[in-house]
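A.B. asks: Next come a sequence and a model predicted from it.
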Protein chains: 4
Amino acid sequence: MADYLTAPKTSCLKENYLSVRAVTQSYAAPLSDADATVQSMEDASPAKWHLAHTSWFFETFLLKPMLPGYEVFDERYNFLFNSYYEAVGKRHARPRRGMITRPALDEVLAYRVHVDEAMERLIDQVDPAGYEDLYYLGLNHEEQHQELFLTDILHLFAQNPIRPAYRNPSPMEVSRPSEPRLTWHRFDGGIVKLGHAGEGFAFDSEGPQHEALVRPFEIAGRAVTSGEWTAFIEDGGYRNPMLWLSDGWAIVNERAWNAPLYWEETDNGWSLMTLRGFQPVDPDAPVSHISFYEADAFASWAAAQWDGARLPSEQEWEVAAAEIPVEGNFAGSRRLRPKPQTDEGLTGLYGDVWEWTSSPFTPYPGFKPAGGAVGEYNGKFMSGQMVLRGGSCATSDGHVRRSYRNFFHPDKRWQFSGLRLARDL
Amino acid sequence: MADYLTAPKTSCLKENYLSVRAVTQSYAAPLSDADATVQSMEDASPAKWHLAHTSWFFETFLLKPMLPGYEVFDERYNFLFNSYYEAVGKRHARPRRGMITRPALDEVLAYRVHVDEAMERLIDQVDPAGYEDLYYLGLNHEEQHQELFLTDILHLFAQNPIRPAYRNPSPMEVSRPSEPRLTWHRFDGGIVKLGHAGEGFAFDSEGPQHEALVRPFEIAGRAVTSGEWTAFIEDGGYRNPMLWLSDGWAIVNERAWNAPLYWEETDNGWSLMTLRGFQPVDPDAPVSHISFYEADAFASWAAAQWDGARLPSEQEWEVAAAEIPVEGNFAGSRRLRPKPQTDEGLTGLYGDVWEWTSSPFTPYPGFKPAGGAVGEYNGKFMSGQMVLRGGSCATSDGHVRRSYRNFFHPDKRWQFSGLRLARDL
Amino acid sequence: MADYLTAPKTSCLKENYLSVRAVTQSYAAPLSDADATVQSMEDASPAKWHLAHTSWFFETFLLKPMLPGYEVFDERYNFLFNSYYEAVGKRHARPRRGMITRPALDEVLAYRVHVDEAMERLIDQVDPAGYEDLYYLGLNHEEQHQELFLTDILHLFAQNPIRPAYRNPSPMEVSRPSEPRLTWHRFDGGIVKLGHAGEGFAFDSEGPQHEALVRPFEIAGRAVTSGEWTAFIEDGGYRNPMLWLSDGWAIVNERAWNAPLYWEETDNGWSLMTLRGFQPVDPDAPVSHISFYEADAFASWAAAQWDGARLPSEQEWEVAAAEIPVEGNFAGSRRLRPKPQTDEGLTGLYGDVWEWTSSPFTPYPGFKPAGGAVGEYNGKFMSGQMVLRGGSCATSDGHVRRSYRNFFHPDKRWQFSGLRLARDL
Amino acid sequence: MADYLTAPKTSCLKENYLSVRAVTQSYAAPLSDADATVQSMEDASPAKWHLAHTSWFFETFLLKPMLPGYEVFDERYNFLFNSYYEAVGKRHARPRRGMITRPALDEVLAYRVHVDEAMERLIDQVDPAGYEDLYYLGLNHEEQHQELFLTDILHLFAQNPIRPAYRNPSPMEVSRPSEPRLTWHRFDGGIVKLGHAGEGFAFDSEGPQHEALVRPFEIAGRAVTSGEWTAFIEDGGYRNPMLWLSDGWAIVNERAWNAPLYWEETDNGWSLMTLRGFQPVDPDAPVSHISFYEADAFASWAAAQWDGARLPSEQEWEVAAAEIPVEGNFAGSRRLRPKPQTDEGLTGLYGDVWEWTSSPFTPYPGFKPAGGAVGEYNGKFMSGQMVLRGGSCATSDGHVRRSYRNFFHPDKRWQFSGLRLARDL
């Protein structure tokens, strides 16, 4: 992973910037103009919007205020590609993002080039001290949208009865070992330090670092698998109200859920829509595309199977992750990196799927929202959402860290979201 | 206009076919892949869908059953581009037509070429007697979709804050004469013959020809203008419940209507979104993009201005149109044909806007739905909709005839729909 | 039935008034305060509201303007019990009528007494010439609400799992003869006079009398029975889209209709909720509680059974009813009057159920809404509704006449609504 | 307050039972049958339902399984008055509770007598050891419903334009002293013991007792007043998105909130609907009927007024309440008990309004849902709701304790809910 998170120096700012931006661009390569334009549901945004909005961030918060002589690419983009920043002016209504057939994908890509060239000039000409924080925020913001880009495209393609593949299945794909035994790993707890501190970028919600009291617990060595999920389905998991939170049970019935999102029963068992098209469900892979409500219901069901199993809190997850190096802990699907050879220790923490925790997304003690428009960043979402930890196969490298707090409403399941079990000692 | 409506001969079938199809293709020329893919509301369809669905009609009802050796272009299209024909198999849900980013516009255009080549073979090789009716139905069906193509694109572009123009404003545009005086034209009524009979194509709902008793009436020489509509607005027309049908008043409030669709108040008065972009409202042009409810409320208001004015029935409209030649009765905006020099007589009957009548869309006496899948054609829509007569600036030439019955639900206003007043004698 | 429809004389005005009012009061007798207060759906009104609103009509349009010294019972009632008369001031929102737990039923009954006493004074003291029209309108308005009172109570009681009976089943109930043979009766049509004219009360929408051209037709001697409806159900009528209007098919699926309203399949076949509680379906009784969409679908299905059967138009119905005396044409269920001894001729025209026609509710030629607040009477509902003719077991005597036009939206089925078939000659 | 919470002895079980039940009955005294039947919104239940459901609890969980020879009052009540206990069988849908006009209020009161007599027999004849836990749960459950009874009646009466008063304003009402100065009270935090332990009843969610780490903080001596809230309104609090959580801002706009529930602007300033009718807002009284979103927005606004003010967590609230005796801490409005003479120290903790905390309602460490049907008690609601602490003017005495955790969704505001500020040290 790049140096810039720990040792930001002027000399590598440009390189870091270009490399993050290049990833986003590469994501757009398989898409047609139409693919990049359509919005498949209110939660999702068009790919074109992600491409433009991330550029708008640099234009609005860095280039316009700090680069002398910067010329705005198109005045209308401030309205079209502002997201939720109420302080920066009116914005196009979120559910109508898919109406913007123009500017076309090509124009939006040209906008990216325009912004990129200006960013290079900014770095050349202006002392980074004045914009460094926003620069890192912008890159991390872009990496967030990289993941959403992929999950939103998957959702769009899943709506199409012909089920297009975003990527071709690779013949080189690393074969996954057979399902590892479920192991449990003990942690003593006590007063622990949690949250981000010190060097490297982190979002506002990851701090301030603070102490918390954590009770002894143990946590599973791997995430729950699709095979285990199938057992839950076959045991009537989706039809037993005793397993569900009240709000969750209402949703299950209202939306007629009977399996994870994208799962479909075929003559040959369960298959699911993926970025590589429609594929049989791999029973040994971590289950994905489940909501918090489903994760919680599974944990209630699992309590009987594994003696009091439950979801971990985000504190427990962070404690468990404390001595696990990020590097060695990617799961099999992650960029085809080799899977760890051993099933001792915790695996897949930063791997295939985000892991739902039992923790609502709330401010850490002492949290203060930043001032100004950027201050709208995360604080305003601290209500009604649940924390997920780790990272998924779609998460950008720069987003994989122990203190990272992802969050979604408990009914959402178009992310690569799964779960790992824990229990009291 | 083509001979084929009155004298269908084998020798000109091919020419007629190709000329109608070419018009549709030409409508797609200004569109990007994204423009052609997005669905702006449930009532509208993507341009790509119109392009494919009209081809699917020929493939399904003519080529597959009748052309020996015909190879279907893509089996999946039967699911994707079937519309409401329940008898022909499952179909993609209407509100989800905009999710189909693939096949791309190019592929759909290739589908059209594939169908067109096969249709030429069909006409060369097979006796038309076996498919002539479906052939004409297919062409008329395509002409219907030509109009929807334009109204749907206008609706889509109107959702985009940057308001793209579908066509460039032409510097050559015929200048419209100043508002003609409102004249009234008397008709004696009596027992009259109405509905289509004899030669030439007509939709099932235009027949059978039948007698009706019509009372003496008079009808306005021209449609209601935007200037007159502005007076209605300024007189509080949208805020006075006494003018409105009960259902209409509920809609006005629910949707906060205060002007026709696409009208927007600017610092310089009213402007509106058109296929040529955002333009000032021309007070002398017929008002357009109004619902039946608005037409009816305007008529209630107009009753006081013009001594008992009201909407005409479709019978009255057809009687009034009886001796007016279609050719000479296009209004100013229609393909830039010169406007009639005189304001005596009825003008604009087949012109700028469809004209709402007071008649619900019901079957004529003796109407029987055709058998088979095509039998679903119009009969199933004979409930809850109102008849419009005439034609608009977007109507294809082949659709302009005295007996034509257009129909929409009374709250719809994305068509080029206006009104003409009548009154009792 | 009372003389007052044909020979209004001052001397009997009081008697007529009191007798209509007494019927309404008697309807309230079996109800508790709670029964009379709850609103079971937006279409329905609480019984208490019917009791008060009909009194408000007399207070507002007769007593306040015309009775010297009249004291309003409670100023707040004008807000609470105004219905749709926009001209008379603000009104309590229709869907919130069920929130009015106070005034209690007793107070509303006291309001009725207050109004009744004042009406007697009015008739004694003031020349009827000044209010006669409104007097008759008020009584007819009250009779309309008498029917709604019963249908709304039935709907309310049907929501209660314990299924209360509004009336006790009578041991004396006339036994119904076995299903009469279906006979067809011919009418020549021609130019006929339709609509109300001359003496006796009629609603504005029943006139003006006018001529219409009606083609030869025949009409069934009785309404469609529940037994015939069961055959329609068993033949898959509710699952076959080819039988349904497009709007109707959408409703059938959205609301999961598979039988008339109130029908429920039990171990012993179909039963239904009635004003006398939960009862087995009588196969020989006219089917009731069907929507226009269902009536139309049944007619499509019946076209194959009875050679072109269809719904009659309201003109045809009125022609057929022309020489049938109202008195002798009540069906078995109506006030236990003896059923006609013969099945020759048309039976049940004014009987058990209102009969859906194929006619949308539109103004007759020459119709002009009355001026003033009362002018809101029927004209504003002339959109999107279908005409029913005849009368039902719940219709007040004063409402049974040949020219009466009842109307409801095509999806409504909480009225006692059925159908009778017709066909072309 | 009764002994039974701390020293349950067989001899006083009966007395305790009867006294709690009598309170509920007394709440019904001012209501008519209609008042007790109508459901004013989906969140609320009819008074009759509260009266019956609390009795159903004793019948279902105590009498049926444990009292030999007990005869069920009415078999149908198990369906009608079950609430959310999925394990006990089907239940009447919550939003349709207001359709149950029968059984009438009288019958429901007779049901209560029937259950009460049987409960007396149970206590006389059966060893309490077998049902003691359920007995206390039942009484506490009933006390919960006592509060809901009042808040639901207030909501119902507030829908009625004539604004009935549930209780008459008392001339004896204790006059409230002028607004006390806002004082701040410091707490050191550290590792503290939280949650219920030991003797006396508590709901499952109040335990287990556990340790938590709390940072030093200070908390306001009294709740936020209506006068302070008016300042927030006047400063544009409801129109400034920067103050609001994202979900809250959406709600504010969707529901057009501009003041607490029941507040209405009159010519003489703000008034509000109360159980004693429509009254002027008292600026010195605690603000009530606010949602969590509003409390949170107010705290954001207050951060600038009072140097970092924010909502307290539920841990902080419990720490602050630790040394405050419940008895002396009722506020002025509570049963007219005298207000504490001093404004030193924390006042009103268990007083007029429930106080929103910043804590989502989640299980305490080690929480396990109880087995069986009663196990559905609180665990299934631990998602998407926020904790309120203290108690309100409508809270039953038995519900006032330091460990009590009330909870509601963050948009709800028909409870007597307010807030108290805190801040970091």
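C.D. replies: Everything's here; your move.

A.B. asks: In the stretch 101-250 of chain A, where is pLDDT below threshold?
C.D. replies: A:169-179 (pLDDT under 70).

A.B. asks: what does it put close to chain B?
C.D. replies: A:101-105, A:156-157, A:159-162, A:164 (Cβ under 8 Å from any Cβ of the partner chain). Quick note: C-beta positions are derived from backbone N, CA and C, even for glycine.

A.B. asks: Pull the residues that contact stretch A:310-323.
C.D. replies: Contacts to stretch A:310-323, defined as Cβ atoms under 8 Å, 6 or more residues apart in numbering or on different chains, come from residues A:185, A:187, A:189, A:192, A:194, A:212, A:214, A:217, A:219, A:295-296, A:299, A:302-303, A:346, A:349, A:355-359, A:387, A:389-390, A:402-403, A:405, A:419-424.

A.B. asks: Give me the three-state assignment for the residue lying farthest from the centre of chain A.
C.D. replies: Ranking residues of chain A by C-alpha distance from their mean position (Cα atoms, centre = their mean) puts A:G69 at the top, at 36.2 Å. For A:G69, the assignment made with DSSP: H, G, I helix; E, B strand; the rest coil gives coil.

A.B. asks: again, but for A:H53
C.D. replies: Here A:H53 is helix, with the state taken from three-state DSSP.

A.B. asks: A:L349 now?
C.D. replies: In terms of secondary structure, A:L349 is coil; the call rests on three-state DSSP.

A.B. asks: just checking, it touches A:P286?
C.D. replies: No. The criterion here is Cβ atoms under 8 Å, and A:L349 misses it with A:P286 at 11.3 Å.

A.B. asks: Where do the strands of the stretch 201-350 of chain A begin and end?
C.D. replies: All strands of the stretch 201-350 of chain A, identified by DSSP state E, counting those that start in this stretch, fall at A:210-214, A:217-220, A:263-266, A:269-274, A:277-280.

A.B. asks: Please identify the pairing partners of the second one and their relative orientation?
C.D. replies: Strands flanking strand A:217-220 in the sheet, each with its direction: strand A:184-187 (antiparallel), strand A:422-424 (antiparallel) (DSSP bridges).

A.B. asks: hmm, who's touching that strand?
C.D. replies: Outside strand A:217-220, the residues touching it (Cβ under 8 Å, 6+ apart) are A:182-187, A:189, A:309, A:312, A:316-317, A:320, A:346, A:420-425.

A.B. asks: Buried residues, the longest helix seen in chain A. List them.
C.D. replies: Longest helix in chain A by number of residues (criterion: DSSP state H): helix A:132-159. Buried positions in helix A:132-159, judged by neighbour count with 16 or more other Cβ atoms under 10 Å in any protein chain shown: A:134-159.

A.B. asks: now do stretch A:36-47
C.D. replies: A:36-40, A:43-47.

A.B. asks: same check, this time on stretch A:305-314
C.D. replies: A:309-314.

A.B. asks: same check, this time on stretch A:285-305
C.D. replies: Burial within stretch A:285-305, assessed by neighbour count using 16+ other Cβ under 10 Å, is assigned to A:285-303.
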